[in-house]
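Q: Next come a sequence and a model predicted from it.
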Amino acid sequence: MRILIYGAGVIGSLYAVLFAETGYDTSIYARGKRLEFLKKNGLLYKKNQNIRRAKATILGELSDNDAYDFILLTVRENQLYEALAELKNNKSNIIVTMVNSLDSYKKWEDIVGKGRILPAFPGAGGSINNDGILDAALTPRMIQPTTFAEISGNKSEKTKQFSKILRHAHIPYQKVVDMHMWQLCHLAMVVPIADAYYEADCPERAGRDWKTMKKTARRLKRNFTFLRKQKGKLSPWKMNIFRFVPLPFLTIMLAVTFGSSFGDKFMYQHAMKAPDEMRELHKQFYAYMTYMKRMKKCGCKAKKVQ
């Protein structure tokens, strides 16, 4: 099994480590200073308070003829189209797009070819410290496992094979029917959370800012109430917790989560390192909500994004 990780940030580095530890032939494609560091030191990561080096091949350029069983695209939303253009002529058949986006999957297929895209989302978080060492972890299964689906929503040989390599690497995963709906619900949650950090006077202590936590709770309830009304469902179903839990309790839950080590690793780190991406996703999500409101008002049916 040959796997290429396109993107050597926190998410890409962690999946590269996990696949390499499993024994898969793993390569990771990097650029800039990250590439320089990896070429010199290898892919270093922290595990059980020890620093280890993953057995992964470091690449600074790609060959169109170099075929992989899976390419995992782990880049930011604003880097997606450049990455797809670079992979357009690569001989690999499956590109797993682990990207935060509400964009049309058809637009991606128009670039790389029909049937090559497997939309997905990682279940991980953490950081790369100033010494270039990865300190990251998988999200607990009950919160957010690695999630993916065929664009059609059907099961396929692709989803079977991807499930298999994740299982062998001990990476929790879930297959869903509608990946776009899942992404929509994910953004309904992470956009208000990121906004809370950006609006707080002291982002590191956002959880202690009661006014910000209450505002965030209101935004979460509004987003999920709206999506449930417009779409008739939420994905996954557990997102309904934001609708059902009373505002005062939800505010307390947020304050506790923001102040926890979980909040620091899986929420704060990403929000503060990718503000441009999160602000763009903020615009995308609320523009999509406005679009759905407009369609509802005129009695039109919103087009399903594929």
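A: Ah, there it is.
Q: Domain ranges for this protein, per the record?
A: Taking automatic domain parsing as the reference, the chain has its domains at 2-176, 180-296.
Q: Can I get these in CSV including mean pLDDT?
A: Output for the domains of the chain, formatted as CSV (pLDDT from 0 to 100):
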stretch, mean pLDDT
domain 2-176, 96
domain 180-296, 95
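Q: need those domains in JSON lines with mean neighbour count, can you?
A: (Glycine included, C-beta is placed from N, CA and C.) JSON lines is the format used below for these (neighbours: other CB atoms under 10 Å):
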{"stretch": "domain 2-176", "mean neighbour count": "18"}
{"stretch": "domain 180-296", "mean neighbour count": "17"}
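Q: I'd say Asp209 and Ala200 touch.
A: Yes: counting by CB atoms under 8 Å, Asp209 touches Ala200, with 5.0 Å between them.
Q: tell me, what's touching the two both at once?
A: The contact sets of Asp209 and Ala200 do not overlap (CB atoms under 8 Å, 6 or more residues apart in numbering).
Q: Going along the chain, name the helices of the stretch 101-250 of the chain.
A: Along the stretch 101-250 of the chain, counting by DSSP state H, counting those that start in this stretch, helices occupy 105-112, 157-168, 179-199, 210-231, 241-244, 247-258.
Q: of those helices, which approaches Lys39 most closely?
A: helix 157-168 (26.2 Å; CB to CB).
Q: Can you give the contact residues for that closest one?
A: With contacts defined as CB under 8 Å, 6+ apart, helix 157-168 is touched by 1, 3, 19, 22, 24, 69-70, 94, 96, 118, 120, 146, 148-150, 172-173, 175.
Q: ok, 10 Å please
A: Residues outside helix 157-168 that contact it (CB atoms under 10 Å, 6 or more residues apart in numbering): 1, 3, 15, 18-19, 22-24, 69-70, 72, 93-94, 96, 115-118, 120, 123, 145-146, 148-150, 155-156, 171-175.
Q: Out of these, which sit inside strands?
A: Among the contacts of helix 157-168, the ones falling in strands (DSSP state E) are Ile3, Phe70, Leu72, Val96, Ile117, Leu118, Ala120, Thr146, Phe148, Tyr173, Gln174, Lys175.
Q: which of those residues lies closest to Asn223?
A: Of the ones in strands among the contacts of helix 157-168, the one sitting nearest to Asn223 (CB to CB) turns out to be Gln174, at 21.5 Å.
Q: didn't that closest one look like it was pressed against Thr147?
A: Yes: with contact defined as CB atoms under 10 Å, Gln174 and Thr147 form a contacting pair (5.3 Å).
Q: list residues touching both of these two?
A: Gly123, Trp182, Pro236.
Q: Now render these as JSON lines, adding distance to Ala136.
A: Listed next are the shared contacts of Gln174 and Thr147 as JSON lines, based on distance: CB to CB, whole Å:
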{"residue": "Gly123", "distance to Ala136": "11"}
{"residue": "Trp182", "distance to Ala136": "22"}
{"residue": "Pro236", "distance to Ala136": "23"}
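Q: Which residues are in contact with Arg52?
A: Neighbour list for Arg52: Val17, Glu21, Gly42, Leu43, Leu44, Tyr45, Lys46, Ile133, Leu134 [criterion: CB under 10 Å, 6+ apart].
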